[in-house]
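**Q** okay, structure incoming, though there's no sequence with it:
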């Protein structure tokens, strides 16, 4: 690092930090969905990345539609696309739970495999519907450009927007889980499924909506993703492993843990990337994670529970 | 610390807390050879936790557990078993897909290492021991039956048999007669009376009639602490015990 | 004799299954296929090593590894490194700026052979490395994970992450590993041309023989007390632990053994296909190996070989003519096997096979003797 002056280093850290923020946002949104599903049902959803791609493709489709038929709608379409990305992914998730997941509870390893089969089918569907080439939606103008607090620091606006979006969704999830009566039912089911059923909670319904919600949030992650990269049929698989690591590292049942671990993983990767090649940054981050998990398998934020 | 005793099991100042909640609180407890000791107490009194602590499933926060003057608190589960402590779980924990014979064979205390288990042979000696144990637990005619097909009571016996075949010095049974018929209860009581010779037996039970029939000594546990200890009569007359069981 | 029959073959059913499989791959296929097709079958059979290893690990042990490709790859790369060094003799590489090192190193401005390539100059050391290094790697991962009781989906995810790490590493460190293209242009083994038809036949039979040996050894493990313990650990881990077993040792052993088996498959792959690349290491090949095992029947050592052959034939056929359909089919197959036929082809055969075999007179007779023999054994036992 000798060749950089200290002020340059500050700028590098600030800019790579903000580049990391976009990655952090996408990872956090993905991980929130995955953690809700895993925490609630003990199910690992291998197709989670594909639900993100559903959100991204929905955004692309709406942008394409707006460009072709409603040019005046272009400045506003993105907000609408986020909402649609959520609903399309959530509805698909609802269907997947109904057709697939609910038959496999208590067999977590089999669920993992079945959802992987689902991810294959979804990938091929993307390829058939949208082609093998990567696509990106036309972003509205207010998302382009950047903010320059000093000469050397340059912060892209889309990153700020995605961060704000992530904050809103995270707060929403927090409210839903910890303040609403629906969240109470979810948490009750997580703690004691049999008892919850006995006191009149429809645990099957809770499961289905939880799964749909998790997938819906992955859809929002997909919409956010379109602002930082283009979408292809295999986009989802690129992020799924990182997302797993975020969830496992943070401790599956802890919202705060998920946020902290998404942040540290994204930042570590992003800042390392400036000094060494991108692929080696990823290797180091993943190796560090595997090592940490070997010493602390329950994740960073697991509480001591009587089992 | 050199505090050797003649007890089979000596628990001193044992405490465990989960996030501040003390499930077992400065417990002192002693068990003699040939003694059949029953622990009773309301739900949440910490009975199962005490067994978990002895067999290493839960790690204690402080205190000591000595078995034949050997400290158990820092040993791993399998090492504790190899010292001679056997434990039956609350719900029968047997291998449902294996036959009764195979269940007993797996529990036979030889070939416990990787290499040993690869080279393990079902010799006449092993078979004889299996049959002897099966006879004791009244399952001699069911050796080839798949364990999952046994009645609930027979499953309980099988699990006791899986412990007996290891000849443990200390046998811990968590609710051994739960789900048994009246006749099965009687048979189990006879079984327990027979097997406590030459070893110590620690039983957790709710069924008072059954406790009365088998117990040499009874301890009442309440909120992680001992409320009373003695023979059945003494305990039943103890005013504190009466208050806990009837007072509220 | 009795030992061989009961312990190595798994009794009557296992014995006939084994004989039929052996006849198929050693006699029938070589008789009816030309060398090109046979070589293809040989390649598929190398994946069967990984599938067999998953029967032990996943079917019996309940430990799902999504990283068997890592071990397959380590074995394959070990063999490829040896062959590459032989192909890169100073005479063959005169035009390079540094003769005597593999071409991809030269392209990446590496001027001397890295230290970890040195042992692969020797064939005995290479074979030792193929057998030991993957098993050792599995032993280290296994010890770290199982001693700390990491299992289930966590273990699956971590093995998958290891597959990702290794792939990125191989692709990224082009100068040391050949990068995305892998190690190619392998020609001779101790001076013997491995691309000749003659060599291909010999490798095919060597591969088939090794696979059958691995099946026999695995059968021995499963019929021993170790095998019952694996099942017991899968279903009631706590009970096994409280019967005085150190459960983690059993898991570590079976994980290491499965790694070694997969690595042998990888080495045979390199010999028969003539190259090795990162595309046989990562997430997708690892999970495909799980599909082979799932479709063939995760509890059947013989079934998974058929599963592997069937899926690979399907893949070759379909991806030539309908590449689009293949992924749909593969995904659908995966879902339906997991949901409806958890015991795969072997399970179907056990449930419905007798409808077919009952039509064959020879088999009927065999069944009868089997039943009467069982009766004899029963009465024997009763008189003891």
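**A** Looks like it came in fine. Every value quoted in this text rests on a predicted model; they were computed, and no experiment measured them.
**Q** now the strands for chain B?
**A** Per DSSP state E, chain B carries strands over the ranges B:9-18, B:21-31, B:36-40, B:62-67, B:70-71, B:85-88, B:170-174, B:200-204, B:217-222, B:225-230.
**Q** of those strands, which is nearest chain C?
**A** Within the strands of chain B, the stretch nearest chain C is strand B:85-88; the backing value is 5.4 Å (Cβ to the nearest Cβ). All C-beta spots, glycine's among them, are computed from the backbone N, C-alpha and C.
**Q** please point out which parts of that closest one sit buried.
**A** Neighbour counts over strand B:85-88 (16 or more other Cβ atoms under 10 Å in any protein chain shown) mark B:85, B:86, B:87, B:88 as buried.
**Q** near chain A, which residues of chain B?
**A** With Cβ under 8 Å from any Cβ of the partner chain as the criterion, chain B meets chain A at residues B:18, B:19, B:23, B:49, B:58.
**Q** filter these down to the buried ones, PyMOL style.
**A** Selection of buried members from the residues of chain B next to chain A for PyMOL, criterion 16+ other Cβ under 10 Å:
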select buried, chain B and resi 23+49+58
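**Q** how about the residues of chain B next to chain A in a markdown table, adding pLDDT?
**A** Shown next, in a markdown table, are the residues of chain B next to chain A (pLDDT from 0 to 100):
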| residue | pLDDT |
| --- | --- |
| B:18 | 81 |
| B:19 | 75 |
| B:23 | 85 |
| B:49 | 89 |
| B:58 | 88 |
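**Q** any idea how many residues pack against residue B:207?
**A** Residue B:207 has 15 neighbours, counted by other Cβ atoms under 10 Å in any protein chain shown.
**Q** between the strands of chain B, which gets nearest to residue A:294?
**A** Nearest to residue A:294, of all the strands of chain B, is strand B:9-18, at 25.0 Å by Cβ to Cβ.
**Q** gap between that closest one and the chain center?
**A** Taking Cα atoms, centre = their mean, to the nearest Å, one finds the center of strand B:9-18 at 17 Å from the center of the full chain.
**Q** now the angle between strand B:36-40 and it, please.
**A** Strand B:9-18 and strand B:36-40 are oriented at 20 degrees to each other (axes from the mean of the first three to the mean of the last three Cα atoms, to 10 degrees).
**Q** and for strand B:9-18, what are the contacting residues?
**A** With contacts defined as Cβ atoms under 8 Å, 6 or more residues apart in numbering or on different chains, strand B:9-18 is touched by A:304-306, B:3, B:22-31, B:49-50, B:53-54, B:58-67, B:69, B:170, B:200, B:202.
**Q** swap in stretch A:288-296?
**A** Under Cβ under 8 Å, 6+ apart, the answer for stretch A:288-296 is A:245, A:248-249, A:265, A:268, A:299, C:144-145, C:148, C:150, C:154, C:158, C:161-162, C:165.
**Q** just those: which are in helices?
**A** Of the contacts of stretch A:288-296, the ones assigned to helices by DSSP state H are A:245, A:248, A:249, A:265, A:268, C:144, C:145, C:154, C:158, C:161, C:162, C:165.
**Q** ok, the first one touching residue A:265?
**A** Yes. Between residue A:245 and residue A:265 there is a contact at 6.4 Å, judged by Cβ atoms under 8 Å.
**Q** can you pull out the strands in the chain?
**A** Using chain A. Under DSSP E, chain A gives strands at A:146-147, A:155-156.
**Q** switch to chain C, please.
**A** Counting by DSSP E, the strands of chain C are C:188-189, C:192-193.
**Q** how far does the last one sit from the chain's center?
**A** It stands for strand C:192-193. 26 Å.
**Q** packing partners of that strand?
**A** Counting contacts by 3 or more Cβ pairs under 8 Å, 6 or more residues apart in numbering or on different chains; DSSP states H and E, strand C:192-193 is packed against no other helix or strand.
**Q** what sits up against it?
**A** C:187, C:199.
**Q** report the central residue of chain B.
**A** Centroid-nearest residue in chain B: residue B:172, 1.1 Å away (criterion: Cα atoms, centre = their mean).
**Q** so which bits of chain B are right by chain C?
**A** Contact residues (Cβ under 8 Å from any Cβ) of chain B with chain C: B:55, B:57, B:76-78, B:81-82, B:86-87, B:89, B:93-98, B:102, B:105-107, B:109, B:111-114, B:117-120, B:127, B:162, B:166.
**Q** okay, and which of these map to helices?
**A** Judged by DSSP H, helices contain the following of the residues of chain B next to chain C: B:77-78, B:81-82, B:102, B:105-107, B:114, B:117-119, B:127, B:162.
**Q** can you tell me which of those residues is nearest residue C:43?
**A** Distance to residue C:43 across those (Cβ to Cβ) is lowest for residue B:118, with 32.0 Å.
**Q** please name the residues that touch the closest one.
**A** Going by Cβ under 8 Å, 6+ apart, residue B:118 touches C:220, C:221, C:224, C:225, C:226.
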